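# below is the sequence, then the predicted model.
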Amino acid sequence: MVRLGLIAFANTGGLAIQTKRIATMLNPSRILVIDSSPFSKNKKQDFSFFKDYDYFVTKGFPKNYDIIKFIDGLTHVFTVENPYNFYLIHACKERGIKVICQTNYEFCENIYNSHLPIPDLFLMPSYWMIDEMRDKYGLDRVKYLSPPIDENEFKEAREKNKDTVGKTKFLHIIGTLAFHDRNGTLDLLRAVKKAKSDFKLVIRSQHKLPGKYLIKDPRVEYRIKDVKKNSDLYRNFDALILPRRYGGLSLTTNEALLSGLPVMMTDISPNNKLLPKEWLVPARKVGSFQARAVIDYYSVGIDELAEKIDSWCDFLPDKKQAYQLGIINFSMDILEPKYRELFK
């Protein structure tokens with residue numbers, strides 16, 4: 001009998017959204033919830049989601065005694081990004097418990113720390129850097145499987161987006177500012193200045209933005225606030241523009257597709273594994289930086305992005321195609337059997 005343990009978050013960030021959806025789909029036997037307030041001071045904690053589960057909360061990253069309490073009686077443990085305490089893998093191996101880590105490449109501490117214990121499976125959430133991970137850890141230890149999304153969560157947004165009229169309404173989501181302007185906001189603002197069409201661009205951020213992210217353009221509106229439901233981000237739009245500068249999981253892209261929004265992105269991995277070629281804009285490598293691993297980052301062609309914005313104002317890609325891409329790749333109903341296979 002499978003007894004699954006999940007490490008989850010309870011804040012307003014992407015990790016919390018990702019782990020709550022996994023909990024909804026897999027109904028784990030026990031959940032260890034990380035109270036991230038010691039290191040995420042701007043993110044509110046809300047533990048009410050977990051009230052119907054067997055769960056307990058650890059303040060900050062789990063201590064060794066938290067891990068012993070958490071894994072007692074489990075057969076499998078599922079964590080995202082990394083183990084948050086590598087004693088987890090050591091303790092699980094001693095007890096014959098399988099550890100699955102749905103890791104983004106840039107947060108994979110094992111890459112440059114060969115002394116650290118390795119999970120039984122690296123479950124990559126996108127195709128970005130998957131070949132490099134397989135070269136390092138082997139085909140059997142590295143698998144692609146996207147985080148699940150319940151399509152019903154975005155049903156209202158899809159309905160609102162079906163028949164928008166008037167000038168084209170674009171959405172850009174910054175979220176939380178990341179290294180080297182990850183979501184390509186500054187490139188987008190440069191392109192907006194060159195775009196000739198009359199459109200509306202709404203830029204959403206969870207936090208107050210530095211001055212360089214602000215432009216005075218009657219076509220641009222800023223909305224700086226959190227929303228109660230992620231689906232509220234995507235209502236009443238025609239498309240998402242997200243010229244990301246490097247890869248990894250993008251819940252924003254995935255959610256936009258399930259909201260029926262075509263997504264304009266840079267022609268880099270994993271975007272070019274998911275989206276039609278005609279939705280992508282050429283980009284060039286401009287540098288590298290080191291997180292847990294060395295990451296190449298890119299800059300979109302500003303003129304090409306401006307031209308793409310203008311062309312989508314004249315002829316928008318099919319919203320039904322966007323939704324179908326979302327269903328095929330991220331639907332909880334489609335992905336659940338693939339997740340269940342991991343625990344056999």
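Sure, I can see it.
# what comes up buried for stretch 133-149?
Met133, Arg134, Lys136, Tyr137, Val142, Lys143, Tyr144, Leu145, Ser146, Pro147, Pro148, Ile149 (16 or more other CB atoms under 10 Å). Yep, even glycine has a C-beta here, placed from its N, CA and C like the rest.
# could you look up the SS state of the first one?
Put plainly, it is Met133. helix (DSSP: H, G, I helix; E, B strand; the rest coil).
# how far away is it from Leu139?
Per CB to CB, to the nearest Å, Met133 is found 10 Å from Leu139.
# ok, the last one next?
As for Ile149, its distance to Leu139 is 27 Å (criterion: CB to CB).
# where along the protein do the helices fall?
14-26, 64-71, 87-95, 130-137, 155-162, 185-194, 251-258, 271-274, 302-314, 319-330, 332-341 (DSSP state H).
# what's the farthest-apart pair in the buried residues of stretch 133-149?
Using CB to CB, the pair of those lying farthest apart is Lys136 and Ile149, separated by 29.0 Å.
# grab the nearest non-local neighbour of Gly175.
Excluding the flanking residues, the one nearest Gly175 by CB to CB, 6 or more residues apart in numbering is Gln206, at 5.9 Å.
# state the distance from the one you found to Pro243.
As defined by CB to CB, Gln206 lies at a distance of 19 Å from Pro243.
# domain-wise, how is the chain divided?
With domains defined by automatic domain parsing, the chain comprises 4-144, 151-329.
# turn those domains into CSV, columns for distance to Glu336.
Formatted as CSV, those follow (distance: least, CB to CB, whole Å):
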stretch, distance to Glu336
domain 4-144, 5
domain 151-329, 12
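# and of those, who's closest to Leu342?
Relative to Leu342, the nearest member of the domains of the chain by CB to CB is domain 4-144, separated by 6.1 Å.
# that closest one: how far from the chain's middle?
15 Å (CA atoms, centre = their mean, to the nearest Å).
# start and end of it, how far apart?
End-to-end distance of domain 4-144 (CA to CA, to the nearest Å): 20 Å.
# what mean pLDDT does it have?
Averaging pLDDT along domain 4-144 gives 94.
# how close does the spatially closest residue to Glu221 that is not a sequence neighbour sit to Lys212?
If the residues on either side of it in the chain are set aside, Glu221 comes closest to Val202, at 5.0 Å by CB to CB, 6+ apart. Applying CB to CB, the value for Val202 to Lys212 is 19 Å.
# so the two - more neighbours on which side?
Per other CB atoms under 10 Å, whichever of Val202 and Lys212 has more neighbours is Val202, with 16 against 10.
# okay, now the nearest residue to Arg223 once chain neighbours are set aside: neighbour count?
Closest residue to Arg223 apart from its sequence neighbours, by CB to CB, 6+ apart: Arg204 at 5.0 Å. Arg204 is flanked by 20 other residues according to other CB under 10 Å.
# so what's the residue count around Ile309?
Ile309 has 24 nearby residues by other CB under 10 Å.
# residues in contact with the residue nearest to Thr24 when sequence neighbours are not counted?
Distances taken as CB to CB, 6+ apart put Asp150 closest to Thr24, at 6.9 Å, once the chain neighbours are dropped. By CB atoms under 8 Å, 6 or more residues apart in numbering, the residues touching Asp150 are Arg21, Thr24, Met25, Met332.
# what about the domains of the chain, which gets the closest to Glu341?
Using CB to CB, those put domain 4-144 closest to Glu341, at 10.0 Å.
# of the contacts of Asp150 - the most surrounded one?
That'd be Arg21 among those, by other CB under 10 Å, with 20 neighbours.
# just give the nearest non-adjacent residue to it, would you?
Nearest non-adjacent residue to Arg21, counting by CB to CB, 6+ apart: Pro148, 5.5 Å away.
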